[in-house]
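Student: what would the 3D arrangement of this be:
(one chain, ligands or ions: 2)
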Amino acid sequence: MGSLVNPTLPTIHFSGKNLEPGSTAWMSTSKDVVRALEDYGCFAATYSKFSLGMHKAIFRCSEELFDLPTNVKVQNTSDTPSHGYVGQEPIIPLYEGLGIENATTREGVKKFTNLLWPSGNDRFCETALEYSRLVAELDQVVMRMVSESYGIESSYESLLGATSYLLRIIKYRKPEKGENGLGIVPHTDKSFMTIIHQCQVNGLEIKTKDGDWITVDPSPSSFIVMAGDACMGWTNGRIEPSIHRVIIKGSEERYSLGLFTFIRDLKIQVPEELVDDHHPAQFKPFDHYKFIHFYYTEEGRKSNCPLRAYCGV
Ligand SMILES: O=C(O)CCC(=O)C(=O)O
Ligand SMILES: [Fe+2]
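Tutor: Ligands and ions are numbered 1, 2, ... in the order given. Just a heads-up that it's a prediction; the model follows:
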């Protein structure tokens with residue numbers, strides 16, 4: 001498989017008029033967003049509200065976080081699988097990541113900060129909170145555009161009220177002699193949506209529907225917006241999550257950030273506007289966190305499409 005031309009991911013700009021709901025620019029950007037998500041499950045986004053200063057500040061915080069001793073970092077635990085500290089896993093030895101739950105709330109970020117720095121770290125706390133809130137705003141713009149395009153605004157409004165944000169701060173150490181550069185195995189995210197931001201070292205690769213792997217070059221003002229499995233459940237399969245992996249090619253360590261959305265305490269349900277005789281509902285209403293727990297069972301892990309295995313019709 002594979003096409004002759006090197007494929008690239010569509011890039012969509014979020015700035016000025018594109019960010020004003022109802023404007024002509026907003027409408028045309030919405031079309032681009034939906035087309036990219038339907039075709040690739042993701043797209044690259046530039047975001048004018050995000051400054052170079054913020055980019056530098058959040059990665060400086062990331063370095064400071066990973067410099068803490070492992071016995072401190074492992075205290076970052078969660079009731080939800082893969083929401084807390086993950087590191088030294090035999091299948092992905094380069095990967096290390098921590099998770100800040102409820103990252104757009106001061107309480108969420110404070111709880112994480114106080115756990116890792118009992119004597120406080122205001123700069124980390126303020127930077128992580130500001131980062132999460134800015135990127136969450138981009139997520140909400142994208143989701144508003146998707147819901148308007150599909151005519152499912154009211155369904156989105158209720159999901160928005162139940163959205164929680166997980167910020168994962170990730171580091172891939174450089175491969176040692178004889179080690180391959182696999183950073184993360186190919187996967188789809190179990191989130192509703194994910195927004196990735198890379199430091200200057202690339203490594204993220206997205207699989208197209210034709211089977212090609214596209215690399216996404218990092219830039220301080222750009223993000224990768226990608227649909228997770230739960231978004232497929234909501235859109236009745238119109239938007240499929242993108243398969244992606246991380247390969248570390250050079251000999252530099254790599255930092256990245258992922259802001260993941262999850263829906264808490266509200267079942268995700270295919271809106272009736274997306275169901276008709278030709279498009280029967282493909283998924284039963286499902287609880288997002290129960291789905292994540294299912295994914296981490298043997299049955300969930302070995303399934304080709306865990307969401308269909310969990311709640312497919
Ligand atoms: O590090 C990256 O660029 C991607 C991370 C990722 O795919 C994940 O955490 O699910
Ligand atoms: Fe991922």
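
Student: wait, does whatever helix or strand residue 257 lives in contact ligand 1?
Tutor: Using DSSP states H and E, residue 257 sits in strand 254-263. Yes. Strand 254-263 comes into contact with ligand 1 (CB under 6 Å from any ligand atom), by way of 256, 258. Quick note: C-beta positions are derived from backbone N, CA and C, even for glycine.

Student: does the helix or strand following that strand reach ligand 1?
Tutor: Next along the chain after strand 254-263, taking DSSP H and E as the criterion, comes helix 288-295. No. If you take CB under 6 Å from any ligand atom as the test, helix 288-295 misses ligand 1, and the best it gets is 12.6 Å.

Student: which residues are in contact with helix 288-295?
Tutor: The contact list for helix 288-295 (CB atoms under 8 Å, 6 or more residues apart in numbering) reads 80-81, 190, 192, 229-230, 262-264, 268, 300-301, 306-307, 309-311.

Student: avg pLDDT for it?
Tutor: For helix 288-295, mean pLDDT is 98.

Student: output that helix in CSV with nothing but the alpha carbons.
Tutor: Output of helix 288-295 as CSV, limited to C-alpha atoms (Å, rounded to 0.1, in the frame of the first residue of the first chain):
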residue,chain,number,x,y,z
HIS,A,288,-16.9,7.0,28.5
TYR,A,289,-15.0,6.0,31.6
LYS,A,290,-16.5,2.5,31.6
PHE,A,291,-15.4,2.2,28.0
ILE,A,292,-11.8,3.1,29.1
HIS,A,293,-11.9,0.4,31.8
PHE,A,294,-13.2,-2.1,29.2
TYR,A,295,-10.3,-1.2,26.9
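
Student: buried sites along it?
Tutor: For helix 288-295, the neighbour count (16 or more other CB atoms under 10 Å) marks 288, 289, 291, 292, 294, 295 as buried.

Student: okay, the residues you listed in JSON lines with distance to residue 163 next?
Tutor: Below are those laid out as JSON lines (distance: CB to CB, whole Å):
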{"residue": "288", "distance to residue 163": "10"}
{"residue": "289", "distance to residue 163": "13"}
{"residue": "291", "distance to residue 163": "15"}
{"residue": "292", "distance to residue 163": "15"}
{"residue": "294", "distance to residue 163": "20"}
{"residue": "295", "distance to residue 163": "19"}
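
Student: in the sheet, who's paired with the residue nearest the centre of the chain?
Tutor: Among the residues of the chain, the one closest to the centroid is residue 194, at 1.8 Å (CA atoms, centre = their mean). Here residue 194 shows beta-bridge partners residue 226, residue 260, assigned using DSSP bridges.

Student: confidence score at it?
Tutor: Residue 194 is given a pLDDT of 98.

Student: isn't it right up against residue 259?
Tutor: Yes. With contact defined as CB atoms under 8 Å, residue 194 reaches residue 259; the gap is 7.1 Å.

Student: any chance you could map the helices in the chain?
Tutor: Taking DSSP state H as the test, the helices found in the chain are 24-40, 52-66, 70-73, 106-116, 122-150, 153-161, 229-234, 288-295, 298-302, 306-311.
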